[in-house]
Every structure is written in structure tokens, then in C-alpha cells.
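J.: I'd like to go over a predicted model; first the sequence, then the structure.
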Amino acid sequence: MRRPHASRREAARVTQLLASLQAGTTDVLSLCRSDASLYCDDVDIRFSKTMNSCKVLQIRYASVERLLERLTDLRFLSIDFLNTFLHSYRVFTTALVVLDKLITIYKKPISAIPAR
């Protein structure tokens with residue numbers, strides 16, 4: 001569920017992230033690890049306590065939409081996650097569903113993406 005003013009907070013956080021990256025004072029991976037809100041369990045995504053090879057919490061289960069959001073989110077670039085998804089998506093969905101959802105994700109303006 002979306003919190004009031006979440007989009008303003010998210011915009012401020014993204015602005016701070018970009019400023020610190022441009023200044024060279026931090027990297028994306030350390031910011032992702034330190035931002036606990038990126039790993040909160042929700043109705044359509046749950047995390048395990050196990051870390052993956054990049055020292056990020058593994059996804060225990062998630063909806064196709066949330067998996068694709070993570071897959072396309074630049075903060076979570078992971079060749080392991082991409083390979084795992086591409087090797088296993090046919091077990092729980094179809095290629096047409098994946099392509100349709102990817103098209104939908106990439107057609108959204110940045111301001112329309114909900115802050116989670």
C-alpha cells in the first residue's frame with residue numbers, strides 16, 4: 001500500500017542517490033544494501049534471510065509483476081537473477097505474459113512508477 005507523500009520521499013531519495021553517485025562518494029550496491037525499504041515483505045513479494053552472491057537478500061516468492069519490476073530496476077542489476085529468471089519463468093508463466101508485462105513496464109513514464 002502506498003504511503004502519503006511516498007512519491008516525494010522516493011524522488012528525494014533518488015535525487016540524493018544521483019548526487020552522491022555523481023560526486024563519486026558512494027556506489028549503488030552499498031546504497032541498495034543499506035536501504036531496508038527495498039527488502040520489505042509485501043503481499044506480492046517475500047524475502048528469505050539468505051543472501052545471494054551479491055550479498056543481497058534473496059526473493060523467496062513474488063508475483064510475476066514484482067519479479068519483472070526487480071529485473072528491470074537498475075538498482076538490482078544481477079546477472080544471477082537475470083539467468084535464474086530466464087531459465088525458470090516458463091514454470092510459472094508464459095513468454096507472452098513476460099513480454100506483455102515488460103512492454104507495460106517500459107512504456108510507463110518514470111513518474112507513474114509507484115514507490116514501494
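T.: Happy to help now that I have it. Residues are numbered from 1 along each chain as shown.
J.: Tyr61: what secondary structure?
T.: Here Tyr61 is strand, with the state taken from DSSP: H, G, I helix; E, B strand; the rest coil.
J.: Next, count neighbours for the residue lying closest to it once chain neighbours are set aside.
T.: Closest residue to Tyr61 apart from its sequence neighbours, by Cβ to Cβ, 6 or more residues apart in numbering: Arg46 at 5.4 Å. The C-beta positions use only the backbone N, C-alpha and C, and glycine is treated the same way. Using other Cβ atoms under 10 Å, Arg46 has 13 other residues around it.
J.: how about Arg46, what does it touch?
T.: The contact partners of Arg46, by Cβ atoms under 8 Å, 6 or more residues apart in numbering, come to 59-62.
J.: counting contacts, what elements does the helix or strand harbouring Tyr106 pack onto?
T.: Using DSSP states H and E, Tyr106 maps to helix 95-107. The contact analysis (3 or more Cβ pairs under 8 Å, 6 or more residues apart in numbering; DSSP states H and E) places helix 95-107 against helix 64-72.
J.: Give me the angle between the helix it packs on and helix 95-107.
T.: Per axes from the mean of the first three to the mean of the last three Cα atoms, to 10 degrees, the angle that helix 64-72 makes with helix 95-107 is 60 degrees.
J.: Show me which residues of helix 64-72 are buried.
T.: 64, 66-71 (16 or more other Cβ atoms under 10 Å).
J.: Go through the contacts of Arg46 and single out the one with the most neighbours.
T.: Ile59 (19 neighbours).
J.: could the buried residues of helix 64-72 be laid out in JSON lines, adding distance to Asp80 and pLDDT?
T.: Shown next, in JSON lines, are the buried residues of helix 64-72 (distance: Cβ to Cβ, whole Å; pLDDT from 0 to 100):
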{"residue": "Val64", "distance to Asp80": "19", "pLDDT": "91"}
{"residue": "Arg66", "distance to Asp80": "17", "pLDDT": "89"}
{"residue": "Leu67", "distance to Asp80": "14", "pLDDT": "90"}
{"residue": "Leu68", "distance to Asp80": "16", "pLDDT": "90"}
{"residue": "Glu69", "distance to Asp80": "17", "pLDDT": "87"}
{"residue": "Arg70", "distance to Asp80": "12", "pLDDT": "86"}
{"residue": "Leu71", "distance to Asp80": "12", "pLDDT": "88"}
